[in-house]
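Engineer: Fold the following, please.
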Amino acid sequence: MAPDRADDDLDARRKRLGSDLAGRRASAGRAEEKTRASTGTGYAQAVKLSSEFIAAVAVGFALGYGLDEWAGTKPWGMIVFLLLGFCAGVLNVMRSAGVIAQPQERVTRGGKTNGSERRTDGE
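Structural biologist: Okay, here's the model as predicted:
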C-alpha cells in the first residue's frame, strides 16, 4: 500500500505544481503586455514632445527669416525669432509633460483662475 500512497502524493503534488505554473505563466503574460503597452506609450510621448519642440523652433526660424527678407534686417530677426521659438518649444514641452500647469489651470490666491474672472467692481 505504500507505493500507491506515494503515487497519489506525487500526483497531487504534480497537479498543484501544474496549477501554480499555469497561474504564473498567466501573470507573466499580463506583465509582458503591460510592458509592451507602456513602452509604446513612452515612444509616443517622446515623439509628441520632440515634434512640438522642433515645430516651435522651425516656426520661429521661418518667421525670423521672413521678417529679415521683408525688412532687410539680416540676421537679427532670425536670431530673435529663433530664440523665441526655442523658448516657446521648451514651454510647450514642459506643459505637455505636466511639469507646469496649463494657463487655464493656474489658480490665484483668491481661488479664481487667471484670465477667466471678470471684474465688475469698477477696478
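
Engineer: Pick out the residue nearest the middle of this structure.
Structural biologist: Nearest residue to the geometric centre of the chain (C-alpha atoms, centre = their mean): residue 45, 4.2 Å.

Engineer: Can you get me a residue count around the nearest residue to residue 59 once chain neighbours are set aside?
Structural biologist: Nearest in space to residue 59, with sequence neighbours left out and distances taken as C-beta to C-beta, 6 or more residues apart in numbering, is residue 85 at 5.8 Å. The C-beta positions use only the backbone N, C-alpha and C, and glycine is treated the same way. Per other C-beta atoms under 10 Å, the neighbour tally for residue 85 reads 22.

Engineer: Okay, and residue 85 sits in which element?
Structural biologist: Using DSSP states H and E, residue 85 falls within helix 76-97.

Engineer: For stretch 64-83, measure first residue to last.
Structural biologist: One end of stretch 64-83 sits 10 Å from the other (C-alpha to C-alpha, to the nearest Å).

Engineer: what's the single longest helix in this structure?
Structural biologist: helix 2-71 (DSSP state H).

Engineer: And that one, what does it pack against?
Structural biologist: Helices and strands touching helix 2-71, by 3 or more C-beta pairs under 8 Å, 6 or more residues apart in numbering; DSSP states H and E, are helix 76-97.

Engineer: any idea of the angle the helix it packs on forms with helix 2-71?
Structural biologist: Angle, helix 76-97 to helix 2-71, by axes from the mean of the first three to the mean of the last three C-alpha atoms, to 10 degrees: 150 degrees.

Engineer: which parts of helix 76-97 are buried?
Structural biologist: Buried residues in helix 76-97, counted by 16 or more other C-beta atoms under 10 Å: 77-78, 80-82, 84-85, 88-89, 93.

Engineer: Now find how far off-centre that helix is within its chain.
Structural biologist: 19 Å (C-alpha atoms, centre = their mean, to the nearest Å).

Engineer: still on that earlier bit, against which helices or strands is the helix holding residue 85 packed?
Structural biologist: Helices and strands touching helix 76-97, by 3+ C-beta pairs under 8 Å, 6+ apart, are helix 2-71.
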